[in-house]
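Enquirer: Provided below for reference: sequence and predicted model.
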2 protein chains.
Amino acid sequence: MSKIDLSTEEKIKDAAKKIFLEKGFGSATTRDIAECADTNIALVNYYFRSKEKLFLEIFRESFVETFAPAARILEDNLPLEAKIYKFVDHMTELLKRDPLLPMFVFSEMRDENSKMCELASHLNTDKSARFQEQLEEEAAKGNIRKTDFQQVEVSLMSMVLFPFLGMNMLKAKKNMSTEEFYRFVDERKKNIPEMILAYLRCRE
Amino acid sequence: MSKIDLSTEEKIKDAAKKIFLEKGFGSATTRDIAECADTNIALVNYYFRSKEKLFLEIFRESFVETFAPAARILEDNLPLEAKIYKFVDHMTELLKRDPLLPMFVFSEMRDENSKMCELASHLNTDKSARFQEQLEEEAAKGNIRKTDFQQVEVSLMSMVLFPFLGMNMLKAKKNMSTEEFYRFVDERKKNIPEMILAYLRCRE
DNA sequence: GTCTATAACGGGATAGAC
DNA sequence: GTCTATCCCGTTATAGAC
């Protein structure tokens, strides 16, 4: 189905996603969205009641249906090394398709009292601590060093997400084109797991 | 000099910094700033001409005078290991004093065409490639592995900055208090250099 | 330098015709 | 479902009195 055949509601939602991800809730306007969807403000409110309701729908989808599931790869049932490679690879590919996603999610959680923070802690129910158990098991077997799993988890997330959060800074500082940036994050698919695994495995 | 003795101009600037860092340019209002500085909108415009001019001054100071100098520790003249520890320590202490700084800088650079991106690439003049040279020298001596210095640099930055960018996400997901968060990043002062150095030193 | 009042504008939302 | 016209509010900026 080509883009032109989408229902008005779908066109508005697609436009809203694009605009909100580019500008954030505060700087995006209903006018932007309507224009981008090739309709008018009245229809945006007809389908979604308000800018805020529309936004919450986009945020929920981005976070709950896209971001969180990818992060959950760490809870999969896979050997440690394979899992880390899979996580970095899948997450990187996801972010290459949707490079503004991390900044969108995190910038809307800048205010500690925002609805988005509430939403995120709400979704904090399924804590299958498989990754933590796995690190502890491997450490007990002597395969890796004993370590704080939260530190490892955050470092892993950091190294994958940060380049996208600081994409324009990186491009500015290193004079990178978009293609070079994507090559750079592709190289990290090998680099990041190597670093994590070197840390976990090397004695000291 | 106590806060109450500051000149009106200084009070406005302090207030503007606080408000802009909390909300970003788009969501901050001149009213917020005036109220926070305990004056009125007219005076804000009297001293700074417009919201945008005020903002640019705050951004310049935050970026040029605070953020960039800290990042430049990597170009210091120090042995590799000591330098990495110093960088992580100093940067973490800076961010503990100003935890909103990374999100402020990066979120304002979300739009590729923003003035802030221009500013950042403008400041891209002093590229003393001391850190790069150092990694290459040590690799030539066989002390560390041969590696892409940009990957190492970005990973290092990632691990230090990311927790502050995702502070509220982290707090929500891990049910952390502010104190626990600060304890967490303090532990990373040891953890991050260990990871980088394990990667650089371990053969494979 | 400081304040009050107001102009000029842009934003979200809705009424009502079709 | 769709559109035009409009309302109402918050925002930036400034004029003008003190």
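Expert: Structure's in. What do you need?
Enquirer: checking A:Val64 next. Helix, strand or coil?
Expert: A:Val64 carries the three-state label helix when classified by DSSP: H, G, I helix; E, B strand; the rest coil.
Enquirer: measure it to A:Glu57 for me?
Expert: Look at A:Val64 and A:Glu57: by C-beta to C-beta, to the nearest Å, they are 11 Å apart. All C-beta atoms are positioned from the backbone trio N, CA, C, and that covers glycine.
Enquirer: repeat that for A:Ser158.
Expert: In this view, A:Ser158 and A:Glu57 are 29 Å apart by C-beta to C-beta.
Enquirer: which of those two has more residues huddled nearby?
Expert: Just comparing A:Ser158 and A:Glu57: by other C-beta atoms under 10 Å in any protein chain shown the higher neighbour count belongs to A:Ser158, 25 against 14.
Enquirer: helix or strand next in line after the helix or strand hosting the more buried one, which one?
Expert: Counting by DSSP states H and E, the element that carries A:Ser158 is helix A:149-165. The C-terminal neighbour of helix A:149-165 among helices and strands, as given by DSSP H and E, is helix A:167-174.
Enquirer: other SSEs contacting that next one?
Expert: Helix A:167-174 makes packing contacts with helix A:178-201, helix B:115-122 when contacts are defined by 3 or more C-beta pairs under 8 Å, 6 or more residues apart in numbering or on different chains; DSSP states H and E.
Enquirer: can you count the residues close to A:Lys190?
Expert: 13.
Enquirer: ok, now which ones touch it?
Expert: By C-beta atoms under 8 Å, 6 or more residues apart in numbering or on different chains, no residues touch A:Lys190.
Enquirer: how far away is it from DNA strand D?
Expert: 46 Å (C-beta to the nearest atom of the strand, to the nearest Å).
Enquirer: any idea how far A:Ser121 is from that residue?
Expert: For A:Lys190, the distance to A:Ser121 (C-beta to C-beta) stands at 34 Å.
Enquirer: likewise A:Phe104?
Expert: With distances taken as C-beta to C-beta, A:Phe104 is found 18 Å from A:Ser121.
Enquirer: residues in contact with stretch A:70-84?
Expert: Stretch A:70-84 has contacts (C-beta under 8 Å, 6+ apart) with A:86-87, A:90-91, A:94, A:128-131, A:134-135, A:138, A:144, A:153, A:156-157, A:193, A:196-197, A:200.
Enquirer: hmm, back to that, least confident of the helices and strands packed on helix A:167-174, on average?
Expert: Looking over those, mean pLDDT reaches its minimum on helix B:115-122, with a mean of 88.
Enquirer: could you chop chain A up by domain?
Expert: In terms of domains, chain A is parsed into A:1-49, A:52-201 (source: automatic domain parsing).
Enquirer: okay if I get those domains as TSV plus distance to B:Met167?
Expert: Shown next, in TSV, are the domains of chain A (distance: least, C-beta to C-beta, whole Å):
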stretch	distance to B:Met167
domain A:1-49	17
domain A:52-201	8
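Enquirer: which of those domains sits closest to B:Ser50?
Expert: Distances from B:Ser50 to each of those were compared using C-beta to C-beta; the shortest belongs to domain A:1-49, at 17.0 Å.
Enquirer: where are the low-confidence patches of chain A?
Expert: For chain A, applying pLDDT under 70 flags the ranges A:1-4, A:124-126, A:204.
Enquirer: which residues of it lie near DNA strand C?
Expert: Residues of chain A found near DNA strand C (C-beta under 7 Å from any atom of the strand) are A:28-31, A:41-42, A:45, A:49-52.
Enquirer: just the closest of these to DNA strand D, please.
Expert: DNA strand D has its nearest neighbour among the residues of chain A next to DNA strand C in A:Ala42, at 3.3 Å by C-beta to the nearest atom of the strand.
Enquirer: which strand or helix spans the closest one?
Expert: Element membership of A:Ala42, judged by DSSP H and E, is helix A:41-48.
Enquirer: does anything pack onto that helix? Which helices or strands?
Expert: Judged by 3+ C-beta pairs under 8 Å, 6+ apart, helix A:41-48 is in contact with helix A:8-27, helix A:30-36, helix A:51-60.
Enquirer: send the alpha carbons of the very next helix or strand once past the last one over as CSV?
Expert: In other words, helix A:51-60. Scanning forward in sequence from helix A:51-60, with DSSP H and E defining helices and strands, the next element found is helix A:68-71. What follows is the C-alpha trace of helix A:68-71 in CSV, where atoms were taken according to Å, rounded to 0.1, in the frame of the first residue of the first chain:
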residue,chain,number,x,y,z
ALA,A,68,11.9,-1.5,25.3
PRO,A,69,11.6,-4.8,23.3
ALA,A,70,15.1,-4.2,21.8
ALA,A,71,16.5,-3.6,25.2
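Enquirer: any idea how far helix A:68-71 is from the chain center?
Expert: Its chain's average C-alpha position is 8 Å from that of helix A:68-71, according to C-alpha atoms, centre = their mean, to the nearest Å.
Enquirer: repeat that for stretch A:38-54.
Expert: Taking C-alpha atoms, centre = their mean, the mean C-alpha location of stretch A:38-54 is offset from the chain mean by 26 Å.
Enquirer: quick one: end-to-end length of it, please.
Expert: 17 Å (C-alpha to C-alpha, to the nearest Å).
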